[in-house]
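Trainee: what shape does this take:
(one chain, ligands or ions: 1)
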Amino acid sequence: MLFLLDSANIKELEKAQEIFPLAGVTTNPSIIAKENRNFFDILQDIRAVIGPDRMLHAQVLGETCEDILKDAETIRSRIGGELYIKVPVTIEGYRAMPILKQRGYKVTATAIYTPGQALLAAQWGVDFTAPYVNRIDNISGMGVTVVKMITDLFSIHHLSTRVLAASFKNLHQVNEISLAGCQAITVGPDILWKIAEHTLTDMSIHQFQSDWKSVYGDGKFVYNL
Ligand code: G3P
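Mentor: A predicted model of the protein is given here:
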């Protein structure tokens, strides 16, 4: 299962990429707006940090098929590398998906709340579908179950579209989703650090250090015994 960072903050990205095995970055218009600077500068900066081979998912804003296609073309002309155009599963979004695929784009169908939406997008041959786990949970919709249904559907119907689960607010959702069979998840920096760290780990290390120092002294490690 691939881990992506759901953020457009360059400092957070640089810090996370140095430590965690990130497969790429996802953004959406809200995440971009939070940075409050030029859209293309943000995407180019992300690309510069992650390099050409890691995935960058960037979302269109157009509300008609024509505008979605123009947005996609503009993004592709400005941002190189492994680029995925995120297209919401609106009626106009569904209309745009097969055209984008015919034109050679990699496409992520996004803002997915139901298995049916994912199945329709997958049949247009999109590369990823992005169901919103926490937002589904917020309406008592059982986000993990929806993701599991989508991964099962793709398997049953031999669809090569991958599932990129998004929208997480706690580690329970992440743990459950890791068992749901999706190929990738995208999490914000706060969740990523929470996955990695544990107070009991820190306490264990503290105890090890203390026991060691009581015998071998301060500043003594294996290499300078
Ligand atoms: O990228 C879309 C998804 O991450 C939304 O997440 O946390 O705003 O529900 P959230």
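
Trainee: what about residue 38, neighbour count?
Mentor: Residue 38 has 11 neighbours, counted by other CB atoms under 10 Å. The way it works is simple: take the backbone N, C-alpha and C, and place the C-beta from them, glycine included.

Trainee: ok, now how distant is it from the ligand?
Mentor: According to CB to the nearest ligand atom, to the nearest Å, residue 38 and the ligand sit 20 Å apart.

Trainee: quick one, phi/psi of that residue?
Mentor: The phi and psi values for residue 38, taken as degrees, to the nearest 10, are phi -60, psi 130.

Trainee: can you tell me which residues in the chain are near the ligand?
Mentor: Contact residues (CB under 6 Å from any ligand atom) of the chain with the ligand: 6, 26, 28, 132, 134, 135, 166, 167, 186.

Trainee: now do 8 Å
Mentor: Residues of the chain found near the ligand (CB under 8 Å from any ligand atom) are 6, 26-28, 30-31, 57, 59, 86, 110-111, 130, 132, 134-135, 166-169, 186, 188.

Trainee: taking these, please make a ChimeraX selection of just the buried ones.
Mentor: Typed into ChimeraX, the line below selects the buried ones among those, using 16 or more other CB atoms under 10 Å:
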select :6,26,27,28,31,57,59,86,110,111,130,132,135,166,167,168,169,186,188
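
Trainee: mind listing what the residue nearest the centre of the chain touches?
Mentor: Nearest to the mean C-alpha position of the chain, counting by CA atoms, centre = their mean, stands residue 186 at 2.5 Å. Taking CB atoms under 8 Å, 6 or more residues apart in numbering, we find residue 186 in contact with 3, 4, 5, 6, 26, 57, 130, 164, 165, 166.

Trainee: follow-up on the earlier one: in helices, which of the residues of the chain next to the ligand fall?
Mentor: Applying DSSP state H to these, the entries found in helices are 30, 31, 134, 135.

Trainee: make TSV out of those residues and add pLDDT.
Mentor: Below are those laid out as TSV (pLDDT from 0 to 100):
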residue	pLDDT
30	98
31	98
134	97
135	98
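
Trainee: quick one: which of those is nearest residue 180?
Mentor: Ranked by distance to residue 180 (CB to CB), these are led by residue 134 at 14.2 Å.

Trainee: can you give me the helices for the protein?
Mentor: With DSSP H as the criterion, the chain has helices spanning 10-19, 29-35, 39-50, 65-78, 91-102, 115-123, 133-137, 143-156, 171-178, 189-196, 199-216.

Trainee: tell me what the first one is packed against?
Mentor: Using 3 or more CB pairs under 8 Å, 6 or more residues apart in numbering; DSSP states H and E as the contact criterion, the elements in contact with helix 10-19 are strand 2-6, helix 39-50, helix 189-196.

Trainee: ok, residues contacting stretch 191-199?
Mentor: Here stretch 191-199 makes contact (CB under 8 Å, 6+ apart) with 3, 5, 16, 19, 20, 168, 169, 170, 171, 174, 187.

Trainee: quick one, what contacts residue 80?
Mentor: Applying CB under 8 Å, 6+ apart to residue 80 gives the contacts 47, 52.

Trainee: list the residues that contact the residue nearest to residue 45 when sequence neighbours are not counted.
Mentor: Using CB to CB, 6 or more residues apart in numbering and skipping residues adjacent in sequence, the residue nearest residue 45 is residue 10, 5.1 Å away. Taking CB under 8 Å, 6+ apart, we find residue 10 in contact with 42, 45, 46, 49.
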